[in-house]
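>>> Build the 3D model from these lines:
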Amino acid sequence: MKRAKICLKVKKGCEDLPLPRYTTSGSSGMDLYADVDGEITLLPGETKLVSAGIYLSIPEGYEAEIRPRSGLALKHGISLVNTPGTIDSDYRGLVGLIMINHGKEAFRIRRGDRIAQMVIKEVIRADIELVEELDSTLRSAGGFGHTGR
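Now for the predicted structure:
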């Protein structure tokens, strides 16, 4: 298994929050925790930016993908607006999660709740080549359900 060294700085006042960590030996994502004062409420249909209380230094050639937690999505309709969110290797700001409540009931987020997961991924840079025609495939331009339900 390939490994990358990620440097992490904790936001002042967030020393009480757990550091991101893998919950099991087979986990691909590390849990991120809510940096909120006490608790906040996310109303149905509401979007809020929630701090994870950390700053990252990711090596060039890698990114951090921020993903919703499947249990929160299934049980409460809680997700992230831009999923997966991307933290680039040159970003050094506070990690924030754009959370949304797709559920029918208000959802409370308490300080230290596990609210998302972070997966470290290798990045491949593409070289763009301008051409007059693209190669042909059986699918061609078919999309948006063209093969049926």
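>>> all contacts plus neighbour counts: C-alpha atoms, from now on.
Will do.
>>> which residues sit in contact with M118?
By C-alpha atoms under 8 Å, 6 or more residues apart in numbering, M118 lies in contact with G29, M30, D31, L32, A64, E65, I66, R67.
>>> I'd assumed A116 was in contact with the last one.
Right, the one you point to is R67. Yes. Judged on C-alpha atoms under 8 Å, R67 makes contact with A116 at a distance of 5.8 Å.
>>> So for stretch 32-43, what gets flagged as buried?
Buried residues in stretch 32-43, counted by 16 or more other C-alpha atoms under 10 Å: L32, Y33, A34, D35, V36, L42, L43.
>>> Next: stretch 86-106.
86-89, 95-103.
>>> what residues does it touch?
By C-alpha under 8 Å, 6+ apart, stretch 86-106 touches 11, 41-66, 76-82, 107, 116.
>>> and these, which are buried?
Buried by 16+ other C-alpha under 10 Å: 11, 42-44, 47-48, 50-58, 62-66, 76-81, 107, 116, out of the contacts of stretch 86-106.
>>> Who are the packing partners of the worst-scoring helix or strand of the chain on mean pLDDT?
Lowest by mean pLDDT, DSSP states H and E among the helices and strands of the chain is strand 21-22, with a mean of 94. When contacts are defined as 3 or more C-alpha pairs under 8 Å, 6 or more residues apart in numbering; DSSP states H and E, strand 21-22 packs onto strand 30-33.
>>> next helix or strand past the strand it packs on?
Where DSSP states H and E defines the elements, the next helix or strand beyond strand 30-33 is strand 39-42.
>>> what about the residue nearest to the spatial centre of the chain, distance to G145?
In the chain, the centroid-proximal residue (C-alpha atoms, centre = their mean) is I66; its distance is 1.2 Å. Per C-alpha to C-alpha, to the nearest Å, I66 is found 27 Å from G145.
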